[in-house]
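dropping a prediction and its sequence here:
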Amino acid sequence: MHDQREVRGHWWRPGHRSDSVGGIFSYQPSNGLELDLFDSLDQHETNSFKGNEDTLETVERIYGITHDGDPVTLVKCYRTFERVVYGTEITNPETFVIETGLIGEHFDGDIRFNTVRLRLEALHRWFSRSGLDFDFEPEKEEKSSEDKPESDPVVPVVRAEYAYPDSETIDVGDMTLHFDPGITVERERSSVNLGEYTSIDIDSGHENGTVSLPEAQAMSRKVRLFIALALQEPVQSLEMTGYYQSDTGSDSSSVEILMSANAESTTSDDQHPQEILFLLPDIEDEFERILQTWLQTFDELAPMFNFYFKSIYNDTNISTTYLLRRTMLEAYYNIRISEKQFSGLNKQKLDMISSQTEAETIGALMGEETDSSFEEQLNMILQNHSKVVDQLSEQLVDRITSFPTTNELPSDCNQNISSVLQNQSQNLGMICTIVILSETGFSPRKISTFVELS
């Protein structure tokens, strides 16, 4: 797995290696990529930086060479104005936030790969079992007396095989995903350590085709979020490797790919209260179809997914979770029911969605006159998914179809609004689950089962 690291080396703009400056390229799974330079990278007049007073200055590529001799290509580098000091001799330091780092090659032009491989560990929680089958008493091989003297001591043997799940290949438009669970073996003097991992290969769907770096990053994000939806928690950092044909004609060249952290990769030391939404065995018989549907509809429904995953990944309070779920459903209504492009909430509402949102603010929002329109939106959303609602218990239907009016809100917001908000947030969460699983192709019966258990 990608761990926190620091890489020291020299860095320069393409075509200006003689102007290289020292600096540190650092990676943290929770914060992403950063390049801290000991001097200005832009020592001479150049137009390689783009931007204006209202935006961060950017440079498309920065090349580097580490102290170990490894070439590095940094893609999409955003220069900040933070002052970083590494000693008294620094005269003009610069800091860049990096979108993507590729360790092992200096790339010119379009970056394309024959295969991009993702590697995730510890998915046995989603598999609901370890993928390894152990046999502590394997059948002993018969050996003749010439092969093994009778006086030799008996050596205990344990046989381990990877038995679940099977490999799976999924065609998605112009790309192909190949899921391949397996094991790693680390041998020590007196023991063997076995680890489980799942590799996901992203390939072109065309013979001799290639996958661009942006295509691989987008596909990686969608796959990770699908697993995060199932687990209801962030997916841990993953290893990402790009395989390509180098100028020498070798097919074995590869680079390590590091991507900037974002909402989807944010992790927290706090335990997330959500239970697993669904396990791999729950969808094993239709895994290919469901994942295909998820990947094909993701871009269209991205506005609602952005709000949904913020409620999972961020350590939000009750008020913020309520707002995120409400905004997600408003986005879905605009995309699917009103058939209007979702343009987002007005700035005042967006400003409310923060980790410090106060209960009084939410109470005012829940009690505003426009709540009647949101209630109508919820009713239309539920009517749109009536096949799922019909599978739910009457008690659960009553819960998700109720919405407090101004008169029903407690008069003392400070003391009582949190309990009302907690209940309503849970109700909206169940509607969010219905919407997402329906759009992903789950059957009404399975959706109702997952909702009842959530």
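Good, I have the coordinates.

only C-alpha atoms for contact and neighbour calcs from this point on.
Will do.

list the buried ones in stretch 164-174?
165, 170, 171, 172 (16 or more other Cα atoms under 10 Å).

in JSON lines: these, plus secondary structure, distance to residue 6 and pLDDT.
As requested, the buried residues of stretch 164-174 are exported to JSON lines (DSSP: H, G, I helix; E, B strand; the rest coil; distance: Cα to Cα, whole Å; pLDDT from 0 to 100):
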{"residue": "165", "secondary structure": "coil", "distance to residue 6": "36", "pLDDT": "83"}
{"residue": "170", "secondary structure": "strand", "distance to residue 6": "37", "pLDDT": "92"}
{"residue": "171", "secondary structure": "strand", "distance to residue 6": "38", "pLDDT": "91"}
{"residue": "172", "secondary structure": "strand", "distance to residue 6": "36", "pLDDT": "88"}
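
ok, of these, which one's closest to residue 311?
Distance to residue 311 across the buried residues of stretch 164-174 (Cα to Cα) is lowest for residue 172, with 27.9 Å.

could you find the closest non-adjacent residue to the closest one?
The shortest distance from residue 172 to any residue other than its chain neighbours is 6.2 Å, reached at residue 292 (Cα to Cα, 6 or more residues apart in numbering).

the one you found contacts residue 170, correct?
Yes. Assessed by Cα atoms under 8 Å, residue 292 is found in contact with residue 170 at 7.3 Å.

circling back to that earlier point, between the buried residues of stretch 164-174, which is nearest residue 298?
Closest approach to residue 298 among those (Cα to Cα): residue 172, at 12.2 Å.

if the closest one is in a bridge, with which residues?
residue 175 (DSSP bridges).

returning to that earlier point: can you tell me the element the residue nearest to residue 172 falls in?
helix 287-297 (DSSP states H and E).

next one: residue 225
Assigned by DSSP H and E, residue 225 falls in helix 213-231.

contacts for that helix, please.
The contact list for helix 213-231, computed with Cα atoms under 8 Å, 6 or more residues apart in numbering, reads 111-113, 116, 118, 126, 202, 234-235, 264, 275-279, 291, 294-295, 298.

gap between it and the chain center?
6 Å (Cα atoms, centre = their mean, to the nearest Å).

tell me how many other residues crowd residue 114.
18 (other Cα atoms under 10 Å).

check contacts around it.
By Cα under 8 Å, 6+ apart, the contact set of residue 114 is 203, 204, 208, 209, 210, 211, 242, 243, 244, 245.

residue 178 should be in a strand, yeah?
Yes. Assessed by DSSP: H, G, I helix; E, B strand; the rest coil, residue 178 belongs to a strand.

what residue spans form the domains of the protein?
Annotated domains of the chain cover 5-103, 111-138+157-240+269-284, 300-453 [automatic domain parsing].

what is the mean pLDDT for the longest one?
For domain 300-453, the mean per-residue pLDDT is 76.

and that domain, end to end?
Domain 300-453 has an end-to-end distance of 28 Å (Cα to Cα, to the nearest Å).

related to what we said a few turns ago, and the helix holding residue 292, what does it pack against?
strand 168-172, helix 213-231, helix 413-439 (3 or more Cα pairs under 8 Å, 6 or more residues apart in numbering; DSSP states H and E).

indicate which one of the ones you listed is closest to residue 34.
Using Cα to Cα, these put helix 213-231 closest to residue 34, at 18.4 Å.

what's the average pLDDT for that closest one?
When pLDDT is averaged along helix 213-231, the result is 92.

understood, closing this out.
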